[in-house]
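> below are the sequence and a predicted model; questions follow.
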Amino acid sequence: MDLSREGAYATVIIVLPAYIFTVLCHLLLIGTIVSNRTLHEPMYILLCNLSLNDLIGISALVPRTLFDLMFEYGLITFPACFLQAWIMHTYGGATFLILTVMAFDRYVAICHPLRYHSIMSKTTLICLIASSWITVYVLIVVLFALTLQYPVCRREIPFYYCSNVNILKLTCATDTTRKLVESTFSKRVNNAQYVPEEQNRYVTRMKLNRTAYKGKAPGGNNRSDLGLPAGSK
């Protein structure tokens, strides 16, 4: 990073307390949920997973970046770079999938409140959480398998943290191959992202259509048929 010594020290002074405060908050949240049995509900357990994932993600990035800023080190071994990239991609993928499960949990709680505990049982919750982490693991294995099939030909990473894209640029792969690997994986991620969104939109449209049909059906007490304004009782 192109920072002067004063700028580097100022960044460390600002970021380090924020990082420590964030870590303490996450640890407090995790400890509270784990120790309090009344909080052993699906949403709080998912929140605990999300907090643990955030803790892993920021711990993989912030300490190393602050160390490089403080001592102008700027060197990292390939195994350490690979580990950081693995954790960062796991953090990003797990965040998306855990938030998706949390959205599903809220959908069940709002749309099916009487069946909530039967749908979001302990078995279902464990399966959803396990499938989220396993899916991320499989995707990351495939991603880095595509990258590490090429030998390393370069030594300089033009960025302040390691990622699969930066590692791929260190290999002997051609520019066309790099773009192919990056686009292939990004399309898979984008497709996985849009499928739940389209499903939610479809379900919402179906519910609206069903509600409108019930309102127009005989005996539906449609306010417009009774000549009452929407806000009247």
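It's in.
> and residue 162, its phi and psi?
Taking degrees, to the nearest 10, you get phi -90, psi 140 for the backbone angles of residue 162.
> and the closest residue to residue 74 other than its chain neighbours, how far is that from residue 159?
Spatial nearest neighbour of residue 74, chain neighbours left out: residue 68 (5.7 Å); criterion: C-beta to C-beta, 6 or more residues apart in numbering. Every residue, glycine included, has its C-beta placed from N, CA and C. Going from residue 68 to residue 159 by C-beta to C-beta, to the nearest Å gives 11 Å.
> the two: which is more packed in?
Neighbour count, other C-beta atoms under 10 Å: between residue 68 and residue 159, residue 68 has more, with 17 against 10.
> and the gap between the more buried one and residue 81?
Separation of residue 68 from residue 81 (C-beta to C-beta): 12 Å.
> residue 27 now?
Noted for residue 27: a distance of 27 Å to residue 81, by C-beta to C-beta.
> so the two - more neighbours on which side?
Counted by other C-beta under 10 Å, residue 27 and residue 81 do not tie: residue 81 has more neighbours, with 18 against 13.
> pull out the buried residues from the helix or strand in which the more buried one is found.
Using DSSP states H and E, residue 81 maps to helix 78-111. Buried residues in helix 78-111, counting neighbours by 16 or more other C-beta atoms under 10 Å, are found at 81-82, 84-95, 97-98, 100-102, 104-105, 108.
> name the helices or strands packed onto it?
When contacts are defined as 3 or more C-beta pairs under 8 Å, 6 or more residues apart in numbering; DSSP states H and E, helix 78-111 packs onto helix 42-71, helix 116-119, helix 122-148, helix 164-170, helix 175-216.
> tell me where this protein is predicted with low confidence.
Scanning the chain with the threshold set as pLDDT under 70 gives 1-3, 158, 173-233.
> and the residue nearest the centre of it?
residue 95 (1.6 Å; C-alpha atoms, centre = their mean).
> quick one: residue 74 and residue 65 touch, right?
No. The criterion here is C-beta atoms under 8 Å, and residue 74 misses it with residue 65 at 10.9 Å.
> who's more crowded, the two?
residue 65 (17 against 11).
> contacting residues around the more buried one?
15, 160-161 (C-beta atoms under 8 Å, 6 or more residues apart in numbering).
> so which of those wins on neighbours?
residue 161 (17 neighbours).
> residue contacts, the closest residue to that one other than its chain neighbours?
Of all residues not flanking residue 161 in the chain, residue 61 sits nearest, at 5.6 Å (C-beta to C-beta, 6+ apart). By C-beta under 8 Å, 6+ apart, the contact list for residue 61 reads 84, 88, 161.
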